[in-house]
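>>> Based on what follows, work out the 3D shape:
(2 chains)
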Amino acid sequence: MMSSPKPVEKLSPKDFASDQEVRWCPGCGDYAILKAVQKILAEIGASKENTVFISGIGCASRFPYYVDTYGFHTIHGRAPAIATGVKLANPDLDVWVVSGDGDALSIGGNHLLHTLRRNINIQILLLNNEIYALTKGQYSPTSRTSTRTPSTPMGSLETPLAAAKFALGSGARFVARTVETQQTHLLDMLRRAHRHNGASFLEIYQNCLVYSDGVFSNFTAKDVAADKQLLVEHGKPLVFGRDRERGLRLKPGTLDIEAVVIGKDGVDEADLLVHDETNPGLAMMLASMHRKMMPIALGVLYCDPAPSYESRIMAQVEEAKSHSTNGDLNSLLRRGHTWVVKDKQAKADA
Amino acid sequence: MSSSTAVKLADGKNAHRELESVVVRFAGDSGDGMQLTGGQFTLATALAGHDLATFADFPAEIRAPMGTTFGVSAFQINFGFHVASTSGDEVDVLIAMNPAALKVELKNLIPGGAIIVDVGCFSARLLQKAGYERNPLTDDTLDQYHVIQHDISKLTLQAVKEFGLSKKDAVRCKNMWTLGLVYWMFGRDRQPTIDWLKNKFSKLPQLAEANIAALNAGHAMGETAEMPDDSTAYTVQPADIQSGLYRTVTGSEALAWGLVAGAELAGLSFELGSYPITPASTILHILANLKEYDIVTYQAEDEIAAVCFAIGASYAGSIGVTVSSGPGLALKSEAIGLAISTELPLVIVNVQRAGPSTGMPTKTEQSDLYQAVFGRNADSPLAVISAHSASDCFDAAIEAIRIATRFMTPVILLTDGYTANAAEPWQIPDINKMPRFPVKFHTDAKNFAPFMHDEATLARPWVKPGTPGLEHRIGGLEKDDTGNISYNPANHQRMTEIRAAKIAGIANHIPLQTVVVGEETGRLAVVGWGSTYGPINRAVSRLRADGLYVSHIHLRYIWPLPRNLGDLLAGFSQVLVPEMNNGQLLTLLRSQYLVAAEGLNKVSGQPFKISEIEAAVREQLEVQ
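Residues are numbered from 1 along each chain as shown, chains lettered A, B, ... in the order given. Predicted coordinates:
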């Protein structure tokens, strides 16, 4: 029986809010991210039934309960592995992984690495607050050295992990960074991440009011943001500063970049580097800039699509089918040497 | 009917010995191709109409140092009239390709048995490497055996001379020379092996021809050489096998195909997530080669990712499967708990090996029963079943998928290294005649709650993401019927009870326990599970032939146990539980039924011998 297709109703951001009361701390940065994601889902015309949010464990990982789509709150660190199973079983589903810095980079580091290098077509949102919040404030892999927490009363000793560098090193084909309080930029990045075919990795700096409040204020505070943020755009010069008077250039005679002031020391705009988001070397340099000496690069640091893992595995299946002379399962079981045993009567008669 | 496997000599004039069943063991360096040679002999033997069972006994090292005792790789085959999935106790014919193989394997040879040796490999250096102070071929070591010695290395080089192979390649044909001789001894047809060689070396016809020449030369040696006496050619009774279409199958093959068949009977697509581990990897390899059957296999970054992949696949509406061995299962435990909590179907295959920790990866054991039944945090019940032989893996895999999908639960299927590598004849089923159990995905949005439970099975509805109107969230946090998080104390009590009752209730949907051999009551029941089936079966049959009232009960269902098992056990004065572990099913039976069962435990990495079980039963019966 045929039924005429119903006209697709355009859903609003509110339609993507579940009936569950959001239980993050008042003022948590996660609220802004949830709101932005719901907005983007409406904007891209996502259907509720074909969208799946998958998370691990941590504050960020409560995310799926608040989005009125399919959702799976799994176990610590394993969301990318479960998302891979979902995507390979049904490539038509639009799969989002929501994770935190402990979930994705500590206990789940291995899965993140391999999901990125395999290039499964999913969006991975890393809500980085540089702390273990749900377990009450221990330092995380992204916490800066000397961070004092209940588990590091004399200060943490480890070198923090730069998530974007990790992603680039893992072979990710889409790496972007944004800040939860900058809604327009956040929406832009979510849009880009979703549009990218393959694994997209979006790190969102997110303030934890309780355990790491102000940890990003050295580049997010209103009075310093313009001077400390470099919003990269493909094909445009790498310019920043309150009056867009500063920029990045290749430091002469080195393989390094430096921040310069336009008009000073004979530097003009033509000397500045132009962002090329398909250049992995440049992306790594932008991701590696020292936070004290240099601005922080936000935006799409790297985007160079390649065929997704699931499309390639499906292609292998199709190829195997096209070369196959085998039919059904019965023919599989009968491949190779078989023989017939006749019943006793037949044997006696023979 | 006497089921004795004792050797019965023919009346002297006949150059053949007539036997009811015979055990042949091929042993050599791990690079000598013994597994492959044994595989060919298995096929030829099956084609000759024998029942058979094989046992692959090889070291973990891919190429252990040449000539060492720890590098010996062996392949054993028991064939004849009635073998019942046991690879046999004592060896009748031993093929020892070097002194180390002789040193390691001689203890298994029956007095009066035959040994084929390659004297070309009995150099002073190799004798010393094997730990022989004197050459056992020239002293009295082998006095009680029939020794058939040829310089197989040299004869092989002569046989393949015309093909211009390198010396290394030429010498490697000696396994085919030996196989040719063994084929002559048992009257086997060489053609299937010739066909196989042509196919295997289709791109290297020189190698194919050389190997065939070696095979023929070995066979010709049997025909023409003067054997030490007249008892080195054998006739073994063919099996009385049910009519039908047959093939040989290994446990790994049967399991892989059973999983594919189970998915088809359930009407589901199939996704395998796996991480390489001995002895389970073979299943991954077999399935990876079945892409034309819409099989997706995924080699994950670790054991955890492998099971999580399978859970994701099941969540999305496929049947997710992961295959591993004990150490891998340990890593998967937390994720299995997630599948229990979210009530998703999942099949976890554990090809058990000797442990703990890394243990002895290539040696068999059945010591993961506790792990399967109890090895997770919290009250986290799931279904556990087992396979008792190579061919039985096919049916067990189908049953695992049936239970997983019908009851929305993870199912652990226990096999072991012995079963995985063993081969036996298998009557090929017709998939179109097998009962189907199609999964019905829930699509009705009316009165829907993701954790409402079916009255009969206590299964929750399976909803594919992509189904409009049924969007919901699930997770590992405790939830109420809606799937939403709940810390309500009464709810947690209720959900815990439902999870337990659901698994316990599976007992109402599985067959009652039957007795394989013997009466349903009696003096003593031998209760086994898994690959001990063959030796128990033969031992009980022999004991019964001696007039002892002994029965063999073999469990497929480990958890929940069949609902009549307690009553069945109560009908026996004594219960003996042979296991390749320290008494795990024994604990389960004692705790469930307060039965005074006794264990018979073997953890040597080797399967039980029939005689070991027989002796234990006799001892039990005398004690009383």
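
>>> mind listing what the residue of the stretch 1-150 of chain A found nearest chain B touches?
Across the stretch 1-150 of chain A, the shortest distance to chain B (C-beta to the nearest C-beta) belongs to A:G85, at 2.4 Å. In short, each C-beta sits where N, CA and C put it, glycine included. Applying C-beta atoms under 8 Å, 6 or more residues apart in numbering or on different chains to A:G85 gives the contacts B:271, B:273, B:298, B:308-316, B:320.

>>> go on, A:M284?
For A:M284, the residues meeting the contact criterion (C-beta under 8 Å, 6+ apart) are A:165, A:168-169.

>>> In helices, which of these appear?
Secondary structure defined by DSSP state H assigns A:165, A:168-169 of those to helices.

>>> Strands along the stretch 1-150 of chain A, start to end?
In the stretch 1-150 of chain A, the strands defined using DSSP state E, counting those that start in this stretch lie at A:51-55, A:70-73, A:94-100, A:123-128, A:131-132, A:138-139.

>>> thinking B:R618 is in contact with B:D546, fair?
No: with contacts counted by C-beta atoms under 8 Å, B:R618 stays clear of B:D546, the gap being 9.0 Å.

>>> neighbour-wise, which of these two wins?
Of the pair B:R618 and B:D546, B:R618 is the one with more neighbours under other C-beta atoms under 10 Å in any protein chain shown, namely 16 against 10.

>>> where does the stretch 251-350 of chain A come near chain B, residue by residue?
Counting by C-beta under 8 Å from any C-beta of the partner chain, the residues of the stretch 251-350 of chain A lying close to chain B are A:313, A:316-317, A:319-321, A:323-324, A:326, A:328-330, A:332-334, A:336-344, A:346.

>>> Got a quick PyMOL command for the buried subset of the residues you listed?
With 16 or more other C-beta atoms under 10 Å in any protein chain shown as the burial test, the buried ones among these are selected in PyMOL as follows:
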select buried, chain A and resi 313+317+320+326+329+332+333+339+341
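
>>> Can you pull out the low-pLDDT segments for chain A?
A:1-8, A:326, A:344-350 (pLDDT under 70).

>>> What is the burial count for residue 93?
Went with chain A since none was named. The local packing of A:L93 (other C-beta under 10 Å) involves 22 other residues.

>>> You answered for a different chain; I wanted chain B.
23.

>>> what about B:T457, how many neighbours?
16.

>>> next one: B:E209
Neighbours of B:E209 under the rule other C-beta under 10 Å: 17.

>>> Just want the residue of the stretch 101-250 of chain B that's nearest chain A.
Across the stretch 101-250 of chain B, the shortest distance to chain A (C-beta to the nearest C-beta) belongs to B:S243, at 3.7 Å.

>>> OK, contacts around A:V97?
Under the contact definition (C-beta under 8 Å, 6+ apart), the residues listed for A:V97 are A:53-55, A:79-80, A:83, A:122-125.

>>> any chance of the residues you listed in CSV, with neighbour count and distance to chain B too?
Putting these into CSV (neighbours: other C-beta atoms under 10 Å in any protein chain shown; distance: C-beta to the nearest C-beta, whole Å) gives the following:
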residue, neighbour count, distance to chain B
A:F53, 27, 8
A:I54, 32, 8
A:S55, 30, 8
A:A79, 34, 8
A:P80, 33, 8
A:A83, 32, 6
A:I122, 26, 11
A:Q123, 23, 15
A:I124, 27, 14
A:L125, 28, 17
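
>>> Tell me the one of the residues you listed nearest A:A283?
Distances from these to A:A283 were compared by C-beta to C-beta; the smallest belongs to A:I124, at 16.5 Å.

>>> which other residues reach stretch B:30-41?
With contacts defined as C-beta under 8 Å, 6+ apart, stretch B:30-41 is touched by B:24, B:26-28, B:54, B:56, B:58-59, B:61-64, B:66, B:71-77, B:97-98, B:172, B:174-176, B:178-179, B:182-183, B:188, B:192-193, B:196, B:423.

>>> Tell me the buried residues in it?
Using 16+ other C-beta under 10 Å as the test for burial, stretch B:30-41 gives B:30, B:32-41.

>>> Which ones among those map onto helices?
Among the buried residues of stretch B:30-41, the members falling in helices (DSSP H) are B:34-41.

>>> what's the average pLDDT for stretch B:45-63?
Stretch B:45-63 carries an average pLDDT of 87.

>>> So is that stretch next to chain A?
Yes: counting by C-beta under 8 Å from any C-beta, chain A is contacted by stretch B:45-63 at B:46-47, B:49.

>>> and which of these is nearest chain A?
For the residues of stretch B:45-63 next to chain A, the closest approach to chain A (C-beta to the nearest C-beta) belongs to B:L47, at 5.4 Å.

>>> and residue 88, what does it touch?
The chain I'm using is chain A. Contacts here follow C-beta under 8 Å, 6+ apart; on that basis A:L88 touches A:120, A:309-310, A:313, B:271, B:296, B:298, B:309, B:312-313.

>>> oops, I was thinking of chain B
Shown here is B:G88, whose contacts under the criterion C-beta under 8 Å, 6+ apart are B:5, B:21, B:23, B:53, B:76, B:78, B:610.

>>> could the residues you listed go into CSV alongside neighbour count, distance to B:M580 and secondary structure?
Formatted as CSV, the contacts of B:G88 follow (neighbours: other C-beta atoms under 10 Å in any protein chain shown; distance: C-beta to C-beta, whole Å; DSSP: H, G, I helix; E, B strand; the rest coil):
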residue, neighbour count, distance to B:M580, secondary structure
B:T5, 25, 22, coil
B:S21, 27, 23, strand
B:V23, 27, 20, strand
B:A53, 27, 16, strand
B:Q76, 23, 17, strand
B:N78, 30, 18, strand
B:I610, 25, 14, helix
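
>>> for the spatially most central residue of chain B, phi and psi?
Centrality entry for chain B: nearest residue to the mean C-alpha point is B:T419, 0.6 Å, by C-alpha atoms, centre = their mean. Backbone torsions of B:T419, given as degrees, to the nearest 10, read phi -60, psi -40.

>>> From B:P425, how far out is it?
Here the distance between B:T419 and B:P425 works out to 15 Å (C-beta to C-beta, to the nearest Å).

>>> same check, this time on B:I115
Relative to B:P425, B:I115 is positioned 27 Å away (C-beta to C-beta).

>>> Out of the helices and strands in chain B, which is least certain?
The helix or strand of chain B with the lowest confidence, counting by mean pLDDT, DSSP states H and E, is strand B:16-19 at a mean of 61.

>>> circling back: which one of B:I115 and B:P425 has more residues nearby?
Neighbour tally, B:I115 and B:P425, criterion other C-beta under 10 Å: the higher count belongs to B:P425, 25 against 21.

>>> what bridges to B:G28?
According to DSSP bridges, the residues that bridge with B:G28 are B:S73.

>>> Test my guess that it contacts B:V72.
Yes: the criterion here is C-beta under 8 Å, and B:G28 meets it with B:V72 at 7.1 Å.

>>> Give me the common contacts of these two.
With contacts defined as C-beta under 8 Å, 6+ apart, the residues adjacent to both B:G28 and B:V72 are B:A101.

>>> For the residue nearest to the centre of chain B, which non-adjacent residue is closest in space?
Computed as C-beta to C-beta, 6 or more residues apart in numbering or on different chains, the closest residue to B:T419 that is not its neighbour in sequence is B:G251, at 3.9 Å.

>>> What is the neighbour count of the residue in the stretch 201-350 of chain B positioned nearest to chain A?
Closest to chain A within the stretch 201-350 of chain B is B:G312: 2.4 Å, counting by C-beta to the nearest C-beta. Neighbour count for B:G312, taken as other C-beta under 10 Å: 33.
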